[in-house]
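1. Next comes the sequence, and after it the predicted model I'd like to discuss.
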Amino acid sequence: MPNTQNEEWNKYEETIEQFIQVIAKNMTLYGITPSIGRLYGVLYFAEEPMTLDDMREALAMSKTSMSTGVRALSDMKMVEPSFKKGVRKDLYKSEEDWYKSFTSLFSSRWKHHTETNIEEADEALEELRELKENTDDQELQEKIDQDIFRLEYAQDYYRWLIKFIHVVESGEIFKYVPKIDQREKKK
């Protein structure tokens with residue numbers, strides 16, 4: 001009997017580890033390294049908040065790496081400090097509301113890049129308009145007109161994307177695409 005129980009526990013741990021690997025892989029879509037993704041996965045499945053030492057032991061990584069990872073996850077609002085009476089070391093737990101984590105992460109990453117793209121398009125438009133004004137080359141002027149049209153289209157897209165990001169950031173997205181939360185169904 002103990003042998004079967006041991007096999008069951010091993011299968012359980014293997015299954016959880018496989019899913020943690022999936023989390024880590026998916027988080028690379030948001031610019032998060034696999035090791036930080038694994039850290040989030042370990043924290044997500046932890047029964048209790050963890051110290052940096054607990055994380056280091058679970059992931060066989062340095063305490064410095066754990067600290068850097070926790071800081072990165074905290075900045076993305078995916079990990080938060082926790083408190084437990086009698087424990088003097090810093091404790092951390094995962095943000096279990098993946099919807100909240102996604103909206104925060106998506107908004108901050110996409111907003112920054114989109115605003116940068118708008119600025120770059122503005123600069124390119126300014127330079128092209130100046131070049132068009134200062135050239136006598138008719139063919140170049142026509143080419144510049146085509147590219148100005150393309151850049152203005154891109155700007156329209158980026159402005160739309162900023163509006164979309166705001167809809168996600170504000171949580172308004174859930175009016176259109178409601179959350180599905182198994183935990184709510186159980187209550």
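-> Yep, that arrived.
2. Domains in the protein, by residue range?
-> The chain breaks down by automatic domain parsing into domains covering 2-96, 99-183.
3. mean pLDDT lowest for which of those?
-> Among the domains of the chain, domain 2-96 carries the lowest mean pLDDT, a mean of 89.
4. so how many other residues sit close to T28?
-> A count of nearby residues for T28, using other Cβ atoms under 10 Å, gives 12. To be clear about C-beta, it is placed using only N, CA and C from the backbone, and glycine gets the same treatment.
5. so what's it closest to, chain neighbours aside?
-> P34 (6.1 Å; Cβ to Cβ, 6 or more residues apart in numbering).
6. my guess is the one you found meets I23, correct?
-> No: with contact defined as Cβ atoms under 8 Å, P34 does not reach I23; the gap is 9.5 Å.
7. still on that earlier bit, which residues touch the residue nearest to T28?
-> 24-25, 27-28 (Cβ atoms under 8 Å, 6 or more residues apart in numbering).
8. And the next helix or strand past the helix or strand hosting A124?
-> Assigned by DSSP states H and E, A124 belongs to helix 98-134. As assigned by DSSP H and E, the chain's next helix or strand after helix 98-134 is helix 138-169.
9. Run the chain-centre distance for the helix or strand just after that next one.
-> Of the helices and strands lying after helix 138-169 in sequence (DSSP H and E), the nearest is helix 173-176. From the chain centre to the centre of helix 173-176 is a distance of 19 Å (Cα atoms, centre = their mean, to the nearest Å).
10. Go through helix 173-176 and flag the buried ones.
-> I173 (16 or more other Cβ atoms under 10 Å).
11. what does it contact?
-> 99, 103, 167.
12. just to revisit the earlier point, any idea how far the residue nearest to T28 lies from N26?
-> 10 Å (Cβ to Cβ, to the nearest Å).
13. coming back round to it: out of the contacts of helix 173-176, the closest to Y157 would be?
-> Nearest to Y157 among these, counting by Cβ to Cβ, is V167 at 15.4 Å.
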